[in-house]
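Colleague: the following block contains a protein sequence and its predicted model.
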Amino acid sequence: MLLACVAGVAFGSIGFATYSIGAFVKPLEAEFGWGRADVQGAILFSMGLGGIAAPLAGMLIDRFGARLIALTGLIGAGLGFLSAAWATSSIWTFYLAYALVACLGAGSGPVSWTRAIAVQFQKSRGLALGLALSGTGVSAIFVPPYVVSLIENFGWRIGFVGLSLLPVAIALPIAYFFFHPRDTAAPRPGVQATQLPGLTALEALRSYRFWVLMLSIIAMYLGITGIIPNLIPALTDRGYSPSAAAAVQSVFGLAVIFGRLLVGWLIDRYWAPAVAAAVLTPPVIACVIFLNDVPYAAYLFAALLAGLAAGAELDLLAFFTARYFGLRSYARTYSLLYAGVAVAAGIGPAAFAYVYEMTGSYNTSFTLAAILFAIGGPCVLTLGRYPTFTHARSAGAAPVDITTGRGKG
């Protein structure tokens with residue numbers, strides 16, 4: 001199950017779109033004359049529409065089960081990337097391809113994989129989520145050199161063909177054989193569906209906790225995605241070589257993977273909001289460091305703090321959804337919250353770039369990011385104690401406690 005989820009997260013619709021786009025900037029610029037910002041604008045279509053499609057995917061998952069929707073989504077993501085190989089001089093054909101990746105591949109996003117983990121694991125749910133979502137780190141390591149090699153040897157169109165093979169040739173077979181989540185959707189004829197414990201999506205929307213999480217998500221992802229693409233330019237503006245600046249970003253990437261696993265292990269043992277606040281708030285310090293002319297080692301430390309937070313946020317979102325709202329409508333509830341992730345991730349880079357163009361400096365952007373982190377980290381402390389949800393599996397059966405899985409008499 002974990003292997004299938006890692007592959008699905010790595011090579012699903014969201015996993016590698018951002019990490020691969022940079023390799024296509026110069027080839028598309030040379031062939032069509034598009035600006036670099038124009039090419040990277042495709043990510044807004046991919047992430048933004050992915051956020052809009054996520055709630056629909058969540059509804060389908062709750063209705064038909066995660067397996068069917070995930071497998072279909074992997075095929076859809078492959079078709080979307082394949083269509084990019086036929087982009088013309090009109091940039092809208094390129095944007096349409098990334099829109100197809102988001103819409104056709106919506107079922108291969110984190111909603112499917114995290115729902116399976118949340119239902120399958122209880123005692124070690126946090127660590128399992130961290131392992132599954134570390135697929136983004138796998139994608140960050142593997143995809144860029146793979147795409148660059150294809151483009152250098154065969155051209156950018158074959159590069160997109162190569163991308164289309166990742167979800168279909170790698171993730172799809174692994175998911176087909178190993179992704180068999182415990183679904184309660186579509187029961188056998190004559191068998192009543194088991195009702196998982198928890199709130200409906202509408203009940204979750206009425207909870208203050210939902211909106212606290214949404215506030216934290218939007219604040220954190222606006223800050224994180226604003227920093228990532230601007231980190232290298234900001235450091236090279238201060239006189240560092242591109243390789244030295246890239247090394248700082250590499251520390252960020254390694255910290256993302258480590259943060260996922262560390263936070264997953266901690267939230268299985270300690271109150272998750274406290275862990276979240278301890279990890280999500282320190283990027284305020286990172287932004288203060290980036291604002292000043294300090295020794296190189298300080299920038300490496302700042303990248304470490306920011307990377308830990310970036311790695312933790314998505315794991316925490318899945319964990320909080322399961323613990324505070326239950327599993328009854330997990331996919332729908334998580335997908336609504338994930339829409340905030342996708343929209344913020346799509347807006348963040350463009351917003352920070354716009355601020356730079358207006359002010360001629362990254363200082364304002366880092367200041368805004370510090371304010372966002374100061375809001376997004378501590379606010380999760382208001383979530384309070386974990387609620388307990390119960391259900392009866394069959395007539396006369398003892399209720400089951402969602403927090404432990406043990407019967408309550």
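Modeller: Cool, the structure landed.
Colleague: any idea which helix or strand comes after the strand or helix carrying Ala344?
Modeller: Following DSSP states H and E, one finds Ala344 within helix 330-359. The helix or strand immediately downstream of helix 330-359 is helix 363-376, counting by DSSP H and E.
Colleague: how about residues contacting that following helix?
Modeller: When contacts are defined by C-beta atoms under 8 Å, 6 or more residues apart in numbering, helix 363-376 is touched by residues 215-220, 222-223, 226-227, 230, 234, 280-281, 283-284, 287-288, 290-291, 309, 352, 355-356. Yep, even glycine has a C-beta here, placed from its N, CA and C like the rest.
Colleague: same deal with stretch 86-105?
Modeller: 12-13, 17, 28, 32, 34, 38-39, 41-43, 45-50, 53, 73-81, 83-84, 157, 160, 167.
Colleague: now the helix holding Ala344 against helix 363-376, angle please.
Modeller: Per axes from the mean of the first three to the mean of the last three C-alpha atoms, to 10 degrees, the angle that helix 330-359 makes with helix 363-376 is 150 degrees.
Colleague: what comes up buried for helix 330-359?
Modeller: For helix 330-359, a neighbour-count test (16 or more other C-beta atoms under 10 Å) marks 330-353, 355-356 as buried.
Colleague: now do the strands in the chain.
Modeller: 390-391, 400-401 (DSSP state E).
Colleague: by mean pLDDT, show me the worst of those.
Modeller: Among the strands of the chain, strand 400-401 has the lowest mean pLDDT, at a mean of 42.
Colleague: residue contacts, the nearest residue to Thr18 once chain neighbours are set aside?
Modeller: Nearest non-adjacent residue to Thr18, counting by C-beta to C-beta, 6 or more residues apart in numbering: Ile43, 5.8 Å away. By C-beta under 8 Å, 6+ apart, the contact list for Ile43 reads 17-18, 21, 98, 346, 349.
Colleague: what's the closest of the residues you listed to Ile141?
Modeller: Closest approach to Ile141 among the contacts of Ile43 (C-beta to C-beta): Thr18, at 13.7 Å.
Colleague: from Cys379, how far off is the closest one?
Modeller: 26 Å (C-beta to C-beta, to the nearest Å).
Colleague: the more surrounded of those two?
Modeller: Taking neighbours as other C-beta atoms under 10 Å, Thr18 and Cys379 compare with Thr18 leading, 23 against 20.
Colleague: gap between that one and Leu166?
Modeller: To Leu166, Thr18 is 14 Å away according to C-beta to C-beta.
Colleague: quick one, what contacts the most centrally placed residue in the chain?
Modeller: Nearest to the geometric centre of the chain sits Leu314, at 5.7 Å (C-alpha atoms, centre = their mean). Neighbouring residues of Leu314 by C-beta under 8 Å, 6+ apart: 110, 133, 136, 260, 341.
Colleague: tabulate those (TSV), appending distance to Trp92.
Modeller: Output for the contacts of Leu314, formatted as TSV (distance: C-beta to C-beta, whole Å):
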residue	distance to Trp92
Pro110	28
Leu133	33
Thr136	28
Arg260	36
Val341	26
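Colleague: which pair of the residues you listed spans the longest distance?
Modeller: Arg260 and Val341 (14.7 Å).
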